[in-house]
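J.: Got a predicted structure here, sequence first:
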Amino acid sequence: MKILVVGSGGREHAICWALHHTSTDHPQLFCAPGNAGIAQVAQCVPVKAGDGQNLASFVEKSGIDLTMVGPEAPLAEGIVELFEQRGLKIVGPTSAAARLESSKAFAKDFMRRHSIPTARYRVATRFDEAKQILNSGEFGDAGNRFVIKADGLAAGKGVFVAADRPQALIAVDELRNGAAGPEAARKIVIEEALTGPEVSVLLFSDGKHYRLMPAARDHKRIGERDTGPNTGGMGTITDASIIDPTALDRVTREIIEPTLQGCLDEGFPFRGILFIGLMLTPGGPKVLEYNVRFGDPETQSILVRLQTNLAEIFAAMSTGGLGKLTIDWSPDASACVVLAARGYPGRPDTGTMIEGIERAAQHEAVVVFHAATTAAGGNWLTAGGRVLGVTATGPHLDVALKRCYGAVSEINWDGMQYRRDIGRS
Ligand code: AMP
């Protein structure tokens, strides 16, 4: 079997790694465009993730059986329809289903239509209208927290959790000044601020049937104790303590099943990976956001626990056969610590030599996923903001974290930064 994975980060490395490690007859793997670390398990193809036509041509030419898309942008742009029109098998939601991620206003209205619990909200189509809503008192007094979100895809730069109204008004000005890019802030979503622990629940869906993955928790801020600017994610854990069975049962009944049924009823069955960002509030679990693909770095900590053949899962997702498949996970806990370059999440230093990757990878139950590296003259060099995701499993979270940080201590480069409190704050 030949499989193409589209994307180039730590998530795509984890997908390729799991495709290889969960099967005995190892599928032949391709990754477009991939990165130097991914090249250890897959043949990298120099076609950009956003270049759907050329990806489809490559798939036809090379006889690829199945394509899996990592990032959200190609899904929102309709790569799934494009492949299907050319008769090619691809795993992922159509652009209609991808609106759950590509438009926060669409997602909120969808949740309202299907009575799915989420924060109260209003959508503004002008910046002054957003300010009027904030000043109206509808979402609390001036001293309350407010949440301001750009509607469109903004690579994590479109959400502001403001401590009070003056900060919220500044956030609106920042969006007006292009903080989330020119397109994303055409609409602005204003939400009540919720409180409670956050959980990420991911699932495989074939449109009708679904299978849950182990719940994960991520750490988005660059600094320890959740300080400093937001990033794409500085680390994640999976552990039974993240969500208890009663709460998970409630999430299933009140959120997951109505979401998948809502997609079916509205004519865009959700086929792909659905990632639901939740807050466990005192009033019950509520949806913060939908993503329509694997998370990065949640995927790294989730897929190291997968025991069922991932290629078989993807094949079942594309044919509607997921209902017949049992998916097994190791009972372990897991952790992924992201090692980032100096300057991240702003402009990172690149081209710096990295030491110790091979030594780290020899540690027990550790996998080092590459998010942005190049190889030159027998050395690994940094090639982006988030560079590596050091991932470990263990019978308890403490063990997984200890193994993870033990491996991290082997790796070094000038300017390397990471959080020492993953799984603890
Ligand atoms: P989102 O991209 O919509 O998940 O938002 C990014 C982060 O902002 C979430 O992980 C939360 O930490 C925070 N956030 C989003 N919406 C809310 C809300 N309504 N109340 C409190 N925090 C929120």
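T.: Cool, the structure landed. Numbering: from 1, shown residues only.
J.: C-alpha only now, for contacts and for neighbours.
T.: Will do.
J.: residues near residue 308, how many?
T.: 19 (other CA atoms under 10 Å).
J.: Which residue ranges of the stretch 101-250 of the chain form strands?
T.: For the stretch 101-250 of the chain, the strands defined by DSSP state E, counting those that start in this stretch cover 121-124, 146-150, 159-162, 188-192, 198-206, 210-212, 216-223, 227-238.
J.: meant to ask about the stretch 251-400 of the chain, not that
T.: 271-281, 284-291, 333-340, 353-354, 366-370, 373-376, 379-382, 386-394.
J.: Adding distance to residue 226 and mean neighbour count, write the ones you listed out as TSV.
T.: Output for the strands of the stretch 251-400 of the chain, formatted as TSV (distance: least, CA to CA, whole Å; neighbours: other CA atoms under 10 Å):
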stretch	distance to residue 226	mean neighbour count
strand 271-281	16	22
strand 284-291	18	20
strand 333-340	14	30
strand 353-354	26	17
strand 366-370	23	26
strand 373-376	26	18
strand 379-382	25	19
strand 386-394	17	29
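J.: Looking at these, which is nearest to the ligand?
T.: When those are ranked by proximity to the ligand, the top entry is strand 284-291, at 4.6 Å, counting by CA to the nearest ligand atom.
J.: Tell me which other helices or strands that closest one touches.
T.: The contact analysis (3 or more CA pairs under 8 Å, 6 or more residues apart in numbering; DSSP states H and E) places strand 284-291 against helix 95-102, helix 104-113, helix 245-251, strand 271-281.
J.: Can you lay out those as CSV showing distance to the ligand and mean pLDDT?
T.: Shown next, in CSV, are these (distance: least, CA to the nearest ligand atom, whole Å; pLDDT from 0 to 100):
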stretch, distance to the ligand, mean pLDDT
helix 95-102, 9, 98
helix 104-113, 8, 98
helix 245-251, 16, 97
strand 271-281, 6, 98
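J.: what's the closest of the strands of the stretch 251-400 of the chain to residue 105?
T.: Closest to residue 105 of the strands of the stretch 251-400 of the chain is strand 284-291 (CA to CA; 10.7 Å).
J.: just how off-centre is that closest one within its chain?
T.: Relative to its chain's centre, strand 284-291 lies at 14 Å (CA atoms, centre = their mean, to the nearest Å).
J.: tilt between it and strand 271-281?
T.: Between strand 284-291 and strand 271-281, the angle comes out at 140 degrees (axes from the mean of the first three to the mean of the last three CA atoms, to 10 degrees).
J.: residues in contact with strand 284-291?
T.: 72, 100-101, 104, 107, 116-119, 247, 250-251, 255, 274-280 (CA atoms under 8 Å, 6 or more residues apart in numbering).
J.: Stretch 120-137 too?
T.: Counting by CA under 8 Å, 6+ apart, 105, 108, 142, 165, 168-169, 172-173, 176, 186-192 sit against stretch 120-137.
J.: same thing but at 7 Å, please
T.: 105, 165, 169, 172, 176, 186-192 (CA atoms under 7 Å, 6 or more residues apart in numbering).
J.: so residue 239 touches residue 398, yeah?
T.: No: under the criterion of CA atoms under 7 Å, residue 239 makes no contact with residue 398, lying 10.1 Å away.
J.: Which positions within stretch 78-87 qualify as buried?
T.: By neighbour count on 16 or more other CA atoms under 10 Å, the buried set for stretch 78-87 is 78-83.
J.: Closest to the ligand out of these?
T.: The ligand has its nearest neighbour among the buried residues of stretch 78-87 in residue 78, at 21.4 Å by CA to the nearest ligand atom.
J.: show me the contacts for that closest one.
T.: Applying CA under 7 Å, 6+ apart, the residues near residue 78 are 94-95.
J.: elements contacting the lowest-mean-pLDDT helix or strand in the chain?
T.: Least confident helix or strand of the chain, by mean pLDDT, DSSP states H and E, is strand 159-162 with a mean of 91. If you count contacts as 3 or more CA pairs under 7 Å, 6 or more residues apart in numbering; DSSP states H and E, strand 159-162 packs onto strand 146-150.
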